[in-house]
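Student: generate coordinates for the sequence data below:
(one chain, ligands or ions: 2)
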Amino acid sequence: MTPLIAFSDLVAGYGDTRVLRGIDARLMPGRVLGVLGRNGVGKTTLMRALTGFIPLMQGRVSLDGRDMAKVAPQHRLAAGMAYAPQEDTVFGDLTVNENLRLHLRGRDLGRYAPYFEAFPRLAERANQRAGSLSGGERKLLSFARTLALGAPLSLIDEPTEGVQPESILKMGVLLRRRCEAGGAFVVVEQNLSFLQQIADEVLILDHGESVGAGPISDFSRERLESHLAV
Ligand SMILES: Nc1ncnc2c1ncn2[C@@H]1O[C@H](COP(=O)(O)OP(=O)(O)OP(=O)(O)O)[C@@H](O)[C@H]1O
Ligand SMILES: [Mg+2]
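Tutor: Ligands and ions are numbered 1, 2, ... in the order given. Take a look at the predicted model:
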């Protein structure tokens, strides 16, 4: 079976600086890969390399067997890859609803019903500027917008940063529901409980290198914890 996303020998960085040095992984549809590692190890750099926002110095990325090398970042959503970056996730001058409508052809917000139900704060603030939301609420908005796209693969960078615990649990439930419908995810995360709720597999980064990869059940809680920011 062709993996949904596969990357191998990935080298990427900024200018002449190599941040990632030879990263590999493959992920089947309906599965979740959790990427973890302490601050500054290269997690966000990996997401940017996979989504094409920074060029590869070496290696390759394929989506459902198709080489992504020539697909520009702005065309990767159409190719099946949605991306929720760690920062600058929403447009502060637009309202919550306007942010949610950005990617919709029609203006019908119906597809967001499960997200408004799970996160009533978003519904209550539908007509407020997104810039007036708290950091955690902006993360929820970005999460809802990304999941509702229904892309075959979604890459989400630290979705739970600043989010309330009860909303984090609901994020996990909504994400796993998308997996049951065939969606796959690469999620950078520092929250161990959330990782254990969502991830099938993990990729552990340290100083730009992979120091552990495989089914999350192969890793003890202590081992995972030792690679998280405290
Ligand atoms: N735009 C950039 N230009 C130059 N160097 C950068 C840039 N962004 C990140 N770096 C450097 O690349 C390295 C990896 O950063 P990255 O943001 O990928 O880490 P991270 O694991 O996502 O960290 P965090 O947990 O804090 O989000 C760091 O040394 C960082 O300083
Ligand atoms: Mg980061």
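Student: please make it C-alpha for all contacts and neighbour counts, starting now.
Tutor: Noted.
Student: not counting residues beside it along the chain, what's closest to R125?
Tutor: Counting by Cα to Cα, 6 or more residues apart in numbering, R125 lies nearest to V96, which is 6.7 Å off, once chain neighbours are set aside.
Student: the one you found: what's it in contact with?
Tutor: Shown in contact with V96 (Cα atoms under 8 Å, 6 or more residues apart in numbering): 122, 125-130, 141.
Student: what about these, which are in strands?
Tutor: Counted as lying in strands by DSSP state E, out of those, is not a single one.
Student: and those, which are buried?
Tutor: Buried subset of those (neighbour count, 16 or more other Cα atoms under 10 Å): 122, 125-126, 128-130, 141.
Student: out of those, who's nearest ligand 1?
Tutor: L141 (19.2 Å; Cα to the nearest ligand atom).
Student: that closest one contacts D88, correct?
Tutor: No: in this structure, L141 is not within contact of D88 by Cα atoms under 8 Å, at 11.7 Å.
Student: how about the residue nearest to the spatial centre of the chain, phi and psi?
Tutor: The geometric centre of the chain, computed from its C-alpha atoms, lies nearest to I156 (Cα atoms, centre = their mean), at 1.1 Å. Dihedral angles phi and psi of I156 (degrees, to the nearest 10) take the values phi -130, psi 120.
Student: OK, contacts around it?
Tutor: By Cα under 8 Å, 6+ apart, the contact list for I156 reads 83-86, 143, 185-188.
Student: and L195, by the same measure?
Tutor: With contacts defined as Cα under 8 Å, 6+ apart, the neighbours of L195 are 34, 189.
Student: does the helix or strand harbouring it reach ligand 1?
Tutor: Assigned by DSSP states H and E, L195 belongs to helix 192-198. No: applying Cα under 6 Å from any ligand atom, one finds helix 192-198 separated from ligand 1 by no less than 13.8 Å.
Student: how near is G34 to P85?
Tutor: G34 sits 15 Å away from P85, going by Cα to Cα, to the nearest Å.
Student: comparing those two, which residue is more hemmed in?
Tutor: G34 (25 against 20; other Cα atoms under 10 Å).
Student: in which helix or strand would I find that one?
Tutor: Per DSSP H and E: strand 32-36 holds G34.
Student: alpha carbons of that strand, as PDB, please.
Tutor: C-alpha atoms of strand 32-36 as PDB (Å, rounded to 0.1, in the frame of the first residue of the first chain):
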ATOM      1  CA  VAL A  32      -1.700  10.000  13.300                       C
ATOM      2  CA  LEU A  33       2.100  10.700  13.600                       C
ATOM      3  CA  GLY A  34       3.000  12.700  16.700                       C
ATOM      4  CA  VAL A  35       6.200  14.700  16.400                       C
ATOM      5  CA  LEU A  36       7.900  15.600  19.700                       C
END
